[in-house]
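Here's my sequence, what's the structure:
(one chain, ligands or ions: 1)
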Amino acid sequence: MSHPPFLEVFDTPESAARAAARLLAERLSAGGRAVLAGGQTPLLAYTLFGKADLLWHRLQLIPSDERCLPPEHPERNDRAIAAALGPQTYTLHRFPAELGPEEAARRMEQTVRELLPFDLALLGLGEDGHTASLFPDHPALASTRLVVPVRGAPKAPPERVSLGLAALSQSATVIYLVTGVAKREALRRLLRGEDIPANRIQAAEVMVLADRAARGEP
Ligand SMILES: O=C(O)[C@H](O)[C@@H](O)[C@H](O)[C@H](O)COP(=O)(O)O
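Take a look at the predicted model:
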């Protein structure tokens, strides 16, 4: 990260989610190409974003990563994102992660290439500083591929497929949404520019939306 990110701290996870939804709606009001994180943190933001009035038919979305689970598995990121966004007419590019890490990465390379550069990436942050499925000290971090297979992930399930640093670093704006006391140490490391996977993503504009619990404020 070339310069400290813009940080905004909110009283509660709900107010942070509202701010994230507003930002998504503003930045994507005319459509565009965006990356949406998996995991639990952003789901309320997606639900609120899904109510926005924008040119949904011009919006192309892709999860930051996908777990290698059957397509209908409730823990699939694409399913959780679609369920949260509700009945809007956007395009959601789904990783065929049920085919396994390598085959899914191979099949999505061209789709991702055609989506680049991203207008925006909303990303989460793991307690170990991971983002998407790019985990510390994992070989996927050193890959130059746009889409990387991930085996042996420390966060279940172990097999995943993820946008690589080469793709995520082609986002004009990266927004991290980080809430909860469990993320306190990871957020501190993110803001200090320490060498965690999230800080290996280069973007012209990096914003961090956090709640007081993650920021370590009473
Ligand atoms: O597939 C995933 O799990 C996510 O893409 C992952 O990168 C997530 O963003 C972080 O692990 C934070 O997860 P939570 O928001 O659930 O804490």
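
hey, let's count contacts and neighbours off CA atoms from now on
Will do.

And Ala34, how far from Arg79?
17 Å (Cα to Cα, to the nearest Å).

higher neighbour count, those two?
Each of Ala34 and Arg79 has its neighbours counted (other Cα atoms under 10 Å); Ala34 has more, 28 against 16.

helix/strand/coil for that one?
strand (DSSP: H, G, I helix; E, B strand; the rest coil).

Around the ligand, pick out the residues from this structure.
Residues of the chain found near the ligand (Cα under 6 Å from any ligand atom) are 37-41, 64-66, 124-126, 131-133.

OK, contacts around Pro5?
Contacts for Pro5 (Cα atoms under 8 Å, 6 or more residues apart in numbering) come out as 191, 205-208.

ok, so of those residues, who is nearest the ligand?
Distance to the ligand, by Cα to the nearest ligand atom, is smallest for Val208 among the contacts of Pro5, at 13.6 Å.

Which secondary structure state does the closest one sit in?
Applying three-state DSSP: Val208 is strand.

circling back to that earlier point, max pairwise distance over the contacts of Pro5: which two?
Leu191 and Glu205 (13.8 Å; Cα to Cα).

Just the strands from this protein, written as ranges.
With DSSP state E, the ranges of strands along the chain come out as 6-10, 32-36, 59-63, 65-67, 91-92, 118-123, 147-150, 160-163, 171-178, 205-211.

Could you list the paired strands of the first one along with their orientation?
On the basis of DSSP bridges, the sheet neighbours of strand 6-10 come out as strand 205-211 (parallel).

Could you figure out how far the strand it pairs with is turned away from strand 118-123?
Angle of strand 205-211 versus strand 118-123, following axes from the mean of the first three to the mean of the last three Cα atoms, to 10 degrees, is 30 degrees.

Can I get strand 205-211 as PDB, trimmed to CA atoms?
Extracted C-alpha coordinates of strand 205-211, given in PDB (Å, rounded to 0.1, in the frame of the first residue of the first chain):
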ATOM      1  CA  GLU A 205      -7.600   4.500  -3.500                       C
ATOM      2  CA  VAL A 206      -7.900   2.400  -0.400                       C
ATOM      3  CA  MET A 207     -10.600   3.000   2.200                       C
ATOM      4  CA  VAL A 208     -11.200   1.200   5.400                       C
ATOM      5  CA  LEU A 209     -14.600   1.200   7.100                       C
ATOM      6  CA  ALA A 210     -14.500  -0.200  10.600                       C
ATOM      7  CA  ASP A 211     -16.500  -0.200  13.700                       C
END
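
mind checking how far the nearest residue to Pro87 once chain neighbours are set aside is from Glu66?
Nearest non-adjacent residue to Pro87, counting by Cα to Cα, 6 or more residues apart in numbering: Gly50, 8.0 Å away. Distance from Gly50 to Glu66, counting by Cα to Cα: 21 Å.

Comparing these two, which residue is more hemmed in?
Ranked by neighbour count (other Cα under 10 Å), Gly50 and Glu66 place Glu66 first, with 30 against 22.
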